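# Need the 3D shape of this:
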Amino acid sequence: MTPSSALSEKKLRTLAGTAVELLEESRRMLMESGTPADLYLRKTFRLRRCLGSRDRHFITEAVFAFYRWALWISKALPENASTEKCLLAAFAAEGIRPPAWDLWCGDDPEPGERIFRLSAPEERFEAFTGVPVSSRDMLPEWMLPLLAPGAETEYLPYLKSRPPVWIRIQHDAESVFREFEKTTIGFSGDDRLPQAFRLSHHAKINLQLLESFRAGRFEIQDFSSQCIGAACMAKPGSLWWDVCAGGGGKTLLLASAGARVIAGDIRESCLEEIRRRAARGGFSNIRVLPREEAEKRMFDGVLVDAPCSSSGRWRRNPEARLTMSRERVDELCRIQRSILDSVCSRVKPGGLLVYGTCSVFDCENRGTAEHFLSAHPEFEPCPFPFAGKEQWCLQSFPSDADCDGGFRAVFRRKEGPNL
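The predicted structure follows:
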């Protein structure tokens, strides 16, 4: 063994040990405080400057591989299984043989390349663990009855794959495309949403450092999230209230349509993010106001992108499946209904109230929408056009565009002297 190969082995052992250490710490933080894996890793990487880009990539891949297959692992391996064993099972399902594979195998018999010649995650996982699994095992059993119709085939299988990145062009599309081509970022459009583009071949490129992003020419926004723009049907000059604006993605979407938008959120950090994004995009038609100020106005449209389970985004945050409870889902349904009840009076007669989630649970989606209609006869379903059809509510799944899952429903406030 040459000195360089010895150093390489030492480096590999150190990196493999670091991946195990950070995964164990991430699991502890998740269970104790609900810290998402991506947030934990961002903070950790800022503190550990010694970790290079390749190190960070390997660690991130290991952590998310574990969380993606965690429920399969809990079914197949004993509770006291080593973290190394869990990672081997995760990478077997993933179909990736990591550099640390042999190290993590230790004295166990080498399973060989036969596992990675199998095509399906279920096959590879069973070949490694000896335990059969299915798409239904990707979620806790109590969640399965909550899924919206169609989720069995249009959502569950997609939890086994990573989602792509989607962007929304805000202006100067040709400049964006030129920069993408120059930096070898692949992209493809979708006829249903002309400003939506799916990216590929960009894993080693920080999109937020691109000139087009810094100039506000595009925003990173999933296809499913962009669908709410079609539901809002916002007209230039109309006045909208984005009640739960979060980081402002849908605020910017409304503003891009020419609407005047008042954005609000109970989190001050979100309001600062909206201000930054509005300034970057050059939007002068966005105002950030506290709720008590917004409630003094009447609006052509009110958007409630409500707090939810985020189950439609669990391809991006697979660890969230491990901490969600039925009690929390029921609580979220109550919160959603309460928000709709409290803001619907701010919609002008003839105006629109748009409700959205990033959930695939029927109780949060159509259940909440139908509950609202039964409690508010002054509103009626309002069909909106999308993909050549008109419907007043739309449940999307990852199968629709290799995207997140989500829901949107549109209500119109009736006009008349007694309403």
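
# need the contact list for F66.
Contacts for F66 (C-beta atoms under 8 Å, 6 or more residues apart in numbering) come out as 23, 73, 86-87, 90. In short, each C-beta sits where N, CA and C put it, glycine included.

# Switch those residues over to a markdown table; also include neighbour count, distance to L146 and pLDDT.
Compiled in a markdown table, the contacts of F66 are given as follows (neighbours: other C-beta atoms under 10 Å; distance: C-beta to C-beta, whole Å; pLDDT from 0 to 100):
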| residue | neighbour count | distance to L146 | pLDDT |
| --- | --- | --- | --- |
| L23 | 24 | 29 | 97 |
| I73 | 23 | 23 | 98 |
| C86 | 22 | 27 | 97 |
| L87 | 25 | 30 | 97 |
| A90 | 26 | 26 | 97 |
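
# and the residues you listed, which two are the farthest apart?
L23 and I73 (11.9 Å; C-beta to C-beta).

# which regions of the stretch 201-350 of the chain sit below the pLDDT cut-off?
For the stretch 201-350 of the chain, applying pLDDT under 70 flags the ranges 203.

# I'd like the distance between the closest residue to L147 other than its chain neighbours and A409.
Spatial nearest neighbour of L147, chain neighbours left out: V360 (6.0 Å); criterion: C-beta to C-beta, 6 or more residues apart in numbering. V360 sits 14 Å away from A409, going by C-beta to C-beta, to the nearest Å.

# Only C-alpha atoms, please: export the helix or strand in which I59 is found in CSV.
Using DSSP states H and E, I59 maps to helix 53-68. Written as CSV, here are the backbone C-alpha positions of helix 53-68 (Å, rounded to 0.1, in the frame of the first residue of the first chain):
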residue,chain,number,x,y,z
SER,A,53,-18.0,19.8,-1.0
ARG,A,54,-17.5,16.1,-1.8
ASP,A,55,-17.7,15.4,2.0
ARG,A,56,-20.9,17.3,2.3
HIS,A,57,-22.4,15.6,-0.7
PHE,A,58,-21.6,12.1,0.7
ILE,A,59,-22.9,12.9,4.2
THR,A,60,-26.1,14.5,2.8
GLU,A,61,-26.6,11.5,0.6
ALA,A,62,-26.2,9.1,3.5
VAL,A,63,-28.5,11.0,5.9
PHE,A,64,-31.3,11.4,3.4
ALA,A,65,-30.9,7.8,2.1
PHE,A,66,-31.5,6.6,5.7
TYR,A,67,-34.6,8.8,6.2
ARG,A,68,-36.0,7.9,2.8
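
# Mind listing residues that contact the helix or strand containing W166?
Element membership of W166, judged by DSSP H and E, is strand 165-169. Applying C-beta under 8 Å, 6+ apart, the set of residues contacting strand 165-169 from outside is 176, 187, 195-199, 202, 207, 217-223, 226, 253, 256, 401, 403.

# any idea where the helices of the stretch 201-350 of the chain begin and end?
Secondary structure of the stretch 201-350 of the chain (DSSP state H, counting those that start in this stretch): helices at 211-214, 223-232, 249-256, 268-281, 291-294, 326-343.

# try the stretch 1-150 of the chain
3-33, 37-47, 53-68, 70-76, 83-94, 101-105, 121-129.

# Output the fifth one as CSV, restricted to C-alpha atoms.
Same thing as helix 83-94. Listed next in CSV are the C-alpha coordinates belonging to helix 83-94 (Å, rounded to 0.1, in the frame of the first residue of the first chain):
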residue,chain,number,x,y,z
THR,A,83,-26.3,2.8,12.3
GLU,A,84,-23.8,1.3,9.8
LYS,A,85,-26.2,-1.7,9.2
CYS,A,86,-29.1,0.7,8.7
LEU,A,87,-27.1,2.7,6.1
LEU,A,88,-26.2,-0.4,4.2
ALA,A,89,-29.9,-1.3,4.0
ALA,A,90,-30.7,2.2,2.9
PHE,A,91,-28.1,2.3,0.2
ALA,A,92,-29.2,-1.1,-1.0
ALA,A,93,-32.7,0.2,-1.5
GLU,A,94,-31.3,3.3,-3.0
